[in-house]
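**Student:** Pasted the sequence and its predicted model underneath.
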Amino acid sequence: MDTCQKYVLFDLMEKKYLTFRADIATKKWLMKGSIWRSVKAVLLRQPCRKTCHIFKAVFGCQREAKSYIVLQMRLKTPTNRTKPTAIGRDRAARGADMMFARFYHRLLEFYAVCGLLLVSASCTLVETRIDRTAAGPNVPADTAVLMHLESTEQPEEIAARTVPPGPLKVSIAEAILLCLENNRSLVVQRLNPSIQQTFEDQERAVFDPATNADVSAGRVKGENLARSGSETEDFTTDAAEGIISLEQYFPTGTTVALEAGTQVNDSSLYDDNFYSTRLGMTVTQALLRGYGTDVNLARLQQARLDTRMSEYELRGFTEFLVAEVERTYWDYALARRQIEIVEESLKVARQQLNETKELIAVGRLAKAELAAVQAEVAAQEQALIEARANKESIRLQLLRLLNPAGPGIWQREVDLIYQPTLPEIKLEDVELHVAVSMRMRPILNEARLEILRGDLELVKTQNGLLPLMDLFITLGKSGYANSFGESIGNINEDSYDALAGVRFNYPFFNRDAKALHRRALQTREQAQKALENLSQLVEVDVRTAYIEVNRTKQQIAASSVTRMFDEEKLRTETEKLRVGKSTSFLVAQAQRDLLVSRIAEVRALANYLKALIDLYRQDGSLLERRGISAPGREPVKLSKK
């Protein structure tokens with residue numbers, strides 16, 4: 001079209017040779033903007049002020065009219081172009097709709113595939129990398145404390161015998177089993193590893209993908225310089241924006257984010273709305289601080305070490321509880337036996353009192369001899385009261401440890417099936433017990449785990465000394481149009497954005513990071529010294545317990561000999577009293593000595609059994625010797641540097 005033809009077109013439009021016809025059937029085709037774009041392209045190819053005024057006068061009423069108009073231009077210009085028919089226009093519109101729909105679905109599929117790939121990478125590659133670096137996946141905390149009985153009785157038979165009300169008849173193994181099942185303190189301690197294990201999941205959640213969505217809308221009403229440049233004009237702008245993103249942080253220090261967003265602006269300064277849609281991806285990689293799997297997985301590994309510490313704490317508490325049950329069991333057996341001995345001694349003292357009265361009655365003893373015998377009877381009665389009270393106190397302690405089922409727990413009597421007997425045990429060399437304690441003692445394994453935790457803290461603080469330097473890259477494709485659908489369809493055009501750069505941060509002096517690193521170094525050294533100190537204390541405890549076992553074993557034989565001589569002394573003094581060669585005081589003293597020696601003999605046996613228990617607890621082998629499986633069985637090994 002030459003210049004003359006353009007002027008002819010302008011004149012025709014000014015003289016209103018244009019005809020308009022409303023056609024509601026073609027409103028969908030009109031909304032696609034085919035005619036508007038073609039006419040605008042013709043008029044704006046060589047724009048001038050006159051052309052702009054005509055364009056505004058003719059086409060600027062589309063928004064206000066609220067109707068759909070089909071423009072037909074009848075121009076007598078020398079051209080061979082044929083006017084498109086309504087059928088051709090409908091086919092073109094349907095073809096454009098199909099192409100737009102296909103492209104729109106492809107965009108959705110592309111974004112869905114990107115999201116699925118990111119989630120899949122998190123669930124497979126990232127999870128596998130985390131598991132390989134952090135020594136395996138997160139596993140439930142070990143809180144099982146089980147006892148394997150050596151007898152032929154089944155646990156159901158034992159439970160059936162101990163549950164009914166009445167006297168509680170238990171052996172030492174059954175008492176331990178009841179304690180492991182019912183003790184409330186152990187129930188509380190069993191929850192600690194499970195509680196601590198939640199911190200592992202919390203630290204691992206840092207690497208989980210996260211979805212964010214933001215929707216906002218607003219209005220701005222104000223004034224700006226008019227397009228003529230001489231005055232100001234009022235304007236009102238309505239804006240709405242929606243963004244959805246998928247982001248994940250990887251153990252390598254990489255952050256990947258996929259983002260899709262759309263924005264619409266409706267301004268009174270323009271006739272049409274303006275839509276912009278963008279698909280983008282941002283990758284941020286730490287180059288110094290925060291780079292590498294070692295520093296990023298340190299917190300997760302520390303959480304796992306804390307869980308293992310809680311398992312060793314549970315093992316140590318279980319050992320203490322089992323030892324306490326056995327000690328209380330033998331104390332209760334000793335208290336019952338002590339009552340029997342005192343009752344027998346009291347019976348003998350009363351017999352001696354009756355014999356003394358008979359001898360006084362026949363004149364073979366003076367009446368003054370009666371006071372010594374009566375004093376002995378009173379002392380024996382006093383000892384019996386003390387023994388019974390001691391037995392009741394120990395019974396309550398034993399019931400609290402066992403916590404048997406059923407009502408009236410504190411009124412139940414306890415009958416022991418096995419009485420204290422000298423076990424046939426050959427002690428190993430003390431060095432062997434020391435070596436076992438160095439491996440199995442829970443407190444030493446906890447100290448070793450504390451050293452490993454300090455090593456991980458050093459990794460974190462040493463990385464914190466580096467400056468923050470992150471490389472970031474942002475890529476995006478955008479589409480612009482006067483409708484949402486067309487803005488999505490225009491994403492495949494030439495509009496794009498790309499941004500790359502480096503972010504740097506380093507505080508002057510860096511005192512905080514240096515202080516943390518120095519503290520980590522000193523804490524690591526303190527943990528090492530604490531392990532050496534604990535090892536020495538444990539060895540002293542084991543050797544002391546070993547000496548106590550040997551002492552109590554020798555005391556059994558010595559107390560037996562003492563009891564035999566005291567029995568002979570009492571028999572001799574009684575015979576001498578009957579013939580008038582002794583006094584009631586000497587007989588009472590002999591009875592008291594025999595009572596003490598008999599109680600000392602039983603106590604020596606109980607002390608020997610408790611000394612063995614303490615030795616096995618000190619070297620960490622008590623649970624293994626009792627057939628009890630508990631967490632923390634494997635010793636902690638420190639890496640050699």
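**Tutor:** Here it is on my side, so go on. Everything numeric in this text was worked out from a predicted model, so none of it was measured. Residues are numbered from 1 along each chain as shown.

**Student:** Going by C-alpha atoms from here, please, whenever you check contacts or count neighbours.
**Tutor:** Fine.

**Student:** show me what contacts the residue most central in space within the chain?
**Tutor:** When CA atoms, centre = their mean is applied to the chain, the residue found nearest the centroid is Thr198 (1.4 Å). Taking CA atoms under 8 Å, 6 or more residues apart in numbering, we find Thr198 in contact with no residue.

**Student:** Wait, a strand at it?
**Tutor:** No - residue assignment for Thr198, taken from DSSP: H, G, I helix; E, B strand; the rest coil, gives helix, which places it outside any strand.

**Student:** how far away is it from Gln248?
**Tutor:** As judged by CA to CA, to the nearest Å, Thr198 and Gln248 stand 21 Å apart.

**Student:** quick one: the residue nearest to the centre of the chain from Ala210, how far?
**Tutor:** 20 Å.

**Student:** mean confidence for stretch 551-562?
**Tutor:** Across stretch 551-562, the average pLDDT comes to 90.

**Student:** Flag every buried residue along it.
**Tutor:** When burial is assessed from 16 or more other CA atoms under 10 Å, stretch 551-562 yields the following buried residues: Thr552, Lys553, Gln555, Ile556, Ser559, Ser560, Thr562.

**Student:** Centre of the chain to it, how far?
**Tutor:** On the basis of CA atoms, centre = their mean, to the nearest Å, stretch 551-562 sits 53 Å off its chain's mean C-alpha point.

**Student:** what does stretch 544-551 give?
**Tutor:** Counting by CA atoms, centre = their mean, stretch 544-551 is centred 42 Å from the centre of its parent chain.

**Student:** which of the residues in that stretch are buried?
**Tutor:** Within stretch 544-551, the residues that qualify as buried by neighbour count (16+ other CA under 10 Å) are Ala545, Tyr546, Glu548, Val549.

**Student:** show me where the stretch 201-350 of the chain has helices.
**Tutor:** Ranges of helices within the stretch 201-350 of the chain are 293-296, 298-361, based on DSSP state H, counting those that start in this stretch.

**Student:** before we move on, back to that, and which of the buried residues of stretch 551-562 is nearest Ser495?
**Tutor:** Ser495 lies nearest to Thr552 out of the buried residues of stretch 551-562, by CA to CA, at 92.2 Å.

**Student:** Ramachandran angles for that closest one?
**Tutor:** Backbone torsions of Thr552, given as degrees, to the nearest 10, read phi -70, psi -30.

**Student:** Contacts only, for the residue nearest to it when sequence neighbours are not counted.
**Tutor:** Distances taken as CA to CA, 6 or more residues apart in numbering place Tyr608 nearest to Thr552, at 4.9 Å, with adjacent residues excluded. Neighbour list for Tyr608: Val549, Thr552, Lys553, Ile556 [criterion: CA under 8 Å, 6+ apart].

**Student:** Mind doing that once more with 10 Å?
**Tutor:** Taking CA atoms under 10 Å, 6 or more residues apart in numbering as the criterion, Tyr608 is in contact with 422-423, 548-556, 602, 614.

**Student:** Neighbours of Tyr249, how many?
**Tutor:** The local packing of Tyr249 (other CA atoms under 10 Å) involves 21 other residues.

**Student:** repeat for the one 5 residues further on
**Tutor:** Burial measure for Thr254: 19 neighbouring residues, criterion other CA under 10 Å.

**Student:** taking the buried residues of stretch 544-551 one by one, which sit in strands?
**Tutor:** With strands identified by DSSP state E, none of the entries of the buried residues of stretch 544-551 belong to them.

**Student:** Between all of these, which two are at the greatest distance?
**Tutor:** Maximum pairwise distance in the buried residues of stretch 544-551, criterion CA to CA, is 6.3 Å, between Ala545 and Val549.

**Student:** Using TSV, please lay out the helices of the stretch 201-350 of the chain together with mean pLDDT, mean neighbour count and distance to Ala588.
**Tutor:** Output for the helices of the stretch 201-350 of the chain, formatted as TSV (pLDDT from 0 to 100; neighbours: other CA atoms under 10 Å; distance: least, CA to CA, whole Å):
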stretch	mean pLDDT	mean neighbour count	distance to Ala588
helix 293-296	92	20	79
helix 298-361	90	21	8
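
**Student:** For Leu287, which of these is the nearest?
**Tutor:** With CA to CA as the measure, helix 293-296 is the member of the helices of the stretch 201-350 of the chain nearest Leu287 (12.4 Å).

**Student:** all strands of this protein, in order?
**Tutor:** Counting by DSSP E, the segments of the chain that form strands are 19-22, 69-72, 146-147, 168-170, 210-225, 232-249, 254-267, 274-286, 414-416, 468-481, 496-505, 628-629.
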